[in-house]
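Sequence first, then the predicted structure, then my questions.
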Amino acid sequence: MEMKTRYLGIELKNPIVPSASPLSRDIDNMKRLEDSGASAIVIYSLFEEEIAHESAELDHYLHYGTEGYAEALTYLPRADEYNLEPDAYIELLRKAKSSLGIPVIPSLNGITPGGWTKYAKYFEDAGADAIELNVYYIPTDARLPSADVEQRYVDVLTAVREAVKIPIAAKLSPYFSSFSNVAERIINAGADGLVMFNRFYQPDINLEKLEINPGVMLSDSNASRLSMRWVAIFYGRLKASLAASSGIHTAEDVLKLVMAGADVTMMCSALLKHGPEHIKKVLADLTKWMEDHEYQSIEQMKGSMSQKSVADPAAFERANYVKALNRYKLLV
């Protein structure tokens with residue numbers, strides 16, 4: 001049974017890739033993921049805010065008290081004139097590359113072009129096989145036009161593309177008025193692949209303390225429907241690798257997304273619920289299904305249920321909405 005697939009130009013032994021999560025914060029868990037069958041690992045995200053905070057904090061302590069000694073200001077450069085040394089994240093990346101036998105992909109999370117994007121170069125220098133650029137932005141200013149929001153994504157991607165030569169995957173949200181157009185612009189700006197989709201974690205309200213609480217709600221298999229639709233629409237039409245993210249829990253989820261056209265399926269919530277060894281079960285179930293249905297390889301089934309391959313392409317568009325509502329039967 002041939003499980004190999006290609007993602008970002010990299011050959012992987014199977015289509016299951018753990019996405020950025022707390023499981024990749026230490027080498028032991030990453031080894032467990034590899035031993036369980038993960039074909040690559042995306043390390044937890046390094047955030048623009050964390051980099052900016054580190055820079056500001058260092059700048060503060062380097063210059064603390066120097067206002068009393070004017071000549072002392074010439075001894076040290078301003079924060080924008082020196083590069084911070086790679087931090088613990090870079091060290092973790094180096095250790096992962098030296099300890100694991102599978103590709104390692106660090107995740108860089110931000111929304112504004114700026115000095116933080118230089119960390120992409122640090123990743124490349126540390127041996128990263130690719131970079132996942134996770135763009136997460138909630139525009140709340142009513143005066144900000146949608147075109148300006150979209151351009152932010154392109155500008156960040158362009159800045160990272162100029163900094164590195166290794167492959168870049170752009171992890172996006174689906175919340176654009178014309179997602180197809182944005183996806184194509186991102187690819188034209190230098191992205192080698194798309195990861196669909198970023199899950200925006202929604203805040204909750206604590207009714208007793210009257211506070212806003214951040215919270216994480218793990219996905220279930222139903223969450224894969226959104227990425228399934230867009231993977232199926234883009235397959236064979238965009239010149240980029242396609243990764244499905246969110247709602248990948250079972251072998252059935254993997255099969256559906258691969259048939260839609262995904263090169264890889266990224267797993268997070270299922271691993272947080274069941275542990276890294278859950279990958280073994282998914283791979284075993286995947287192998288059995290392929291044997292039972294006489295599939296010889298992942299490549300054989302890839303894209304077989306994409307929009308351009310099925311008899312009813314409108315099923316991935318508005319027509320499916322009408323059919324679904326008309327066929328729904330009331331339970332009361």
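Nice, I can see it.

Which residue, neighbours along the chain excluded, lies closest to Lys239?
In space, and not counting its chain neighbours, Lys239 is closest to Ile187: 6.7 Å by Cβ to Cβ, 6 or more residues apart in numbering. Placement of C-beta: from N, CA and C, glycine included.

what does stretch 33-43 contact?
With Cβ atoms under 8 Å, 6 or more residues apart in numbering as the test, stretch 33-43 has contacts from 5, 7, 10, 12-20, 23-24, 30, 89, 92-93, 96, 100-107, 129, 132, 264, 266, 271, 276-280, 283.

For it, buried residues please.
Within stretch 33-43, the residues that count as buried by 16 or more other Cβ atoms under 10 Å are 33-34, 36-43.

Which of the residues you listed sits closest to Met301?
Ser39 (16.6 Å; Cβ to Cβ).

Can you report how many residues lie near Glu317?
Residues contacting Glu317 under the criterion other Cβ atoms under 10 Å number 12.

This structure: helices as residue ranges?
27-35, 48-63, 88-99, 119-125, 146-163, 179-188, 224-234, 251-260, 269-274, 278-292, 298-301, 318-327 (DSSP state H).

Show me what counts as buried in the longest one.
For helix 146-163, a neighbour-count test (16+ other Cβ under 10 Å) marks 149-150, 152-161, 163 as buried.

So which helix or strand of this structure has the lowest pLDDT on average?
helix 48-63 (a mean of 52; mean pLDDT, DSSP states H and E).

Pick out whichever of the buried residues of helix 146-163 sits closest to Ala191.
Leu157 (5.8 Å).

Tell me how far the nearest residue to that closest one once chain neighbours are set aside lies from Glu150.
Nearest residue to Leu157, sequence neighbours excluded (Cβ to Cβ, 6+ apart): Ala189, at 4.7 Å. Distance, Ala189 to Glu150, by Cβ to Cβ, to the nearest Å: 11 Å.

now Phe179
For Phe179, the distance to Glu150 (Cβ to Cβ) stands at 10 Å.
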